[in-house]
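**Q** For reference, the sequence and a predicted model appear below.
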Amino acid sequence: MTKNDENLENLISSVRKAMLEFKSKNKNRTMLKTLAKLGPILDSKTRWNGKYLMLKRFLEIREKMIEVSDQQYSNISIDRSLYFKNKVEKFVSQLSEINSVSLDLQTSGQSLSDCYQAVDILLQNR
């Protein structure tokens, strides 16, 4: 595992932990839905784009998550730094490109195997 892979895994883990805090605790989830009109999403091992969807939603509700955390005086672990937010935005941007290509391939009648091969090629060319 490269240092970059490790950094991305740490970023994903931090976001997952924060999202889980809001998904698993009813009071936090209710307050968040009231403020943001959206709830947390956790990544799924059965969907390749689960991490993308989770990170994208995190960016959409991050400020409201911080607001709820402050109102609850809770120990919810949310990295509030602009540096962290920028890292998540950059990664989501990269994943967005892959998601777009994958959806285009799927709608054009390509098999899932073809999509995986195309995504692998994209990742190798980065």
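**A** Great, that's in hand. Residues are numbered from 1 along each chain as shown.

**Q** CA only for contacts and neighbour counts going forward, please
**A** Fine.

**Q** what residue lies at the spatial centre of this structure?
**A** L55 (1.4 Å; Cα atoms, centre = their mean).

**Q** backbone phi and psi for that residue, please?
**A** phi -70, psi -40 (degrees, to the nearest 10).

**Q** what sits against it?
**A** Applying Cα atoms under 8 Å, 6 or more residues apart in numbering to L55 gives the contacts I12, V15, V88, V92.

**Q** Tell me the buried residues in the helix ranked longest in the chain?
**A** Criterion DSSP state H: the longest helix present in the chain is helix 82-107. Buried residues in helix 82-107, defined by neighbour count with 16 or more other Cα atoms under 10 Å: V88, E89, F91, V92, L95, S96, I98, N99, V101, S102, L105.

**Q** before we move on, what about stretch 71-82?
**A** I76, I78.

**Q** What is the end-to-end distance of it?
**A** 21 Å (Cα to Cα, to the nearest Å).

**Q** And the contacts of that stretch?
**A** With Cα under 8 Å, 6+ apart, stretch 71-82 has contacts from S14, V15, K17, A18, E21, I66, S69.

**Q** Kindly report the same for stretch 12-32.
**A** In contact with stretch 12-32 (Cα under 8 Å, 6+ apart) are residues 38-43, 51, 54-55, 58, 64-65, 68-69, 76-79.

**Q** circling back: what mean pLDDT would you report for the longest helix of the chain?
**A** The average pLDDT within helix 82-107 is 86.

**Q** from the chain's centre, how far out does it sit?
**A** 9 Å (Cα atoms, centre = their mean, to the nearest Å).

**Q** what do you get for stretch 76-87?
**A** Worked out by Cα atoms, centre = their mean, stretch 76-87 lies 13 Å from the chain centre.
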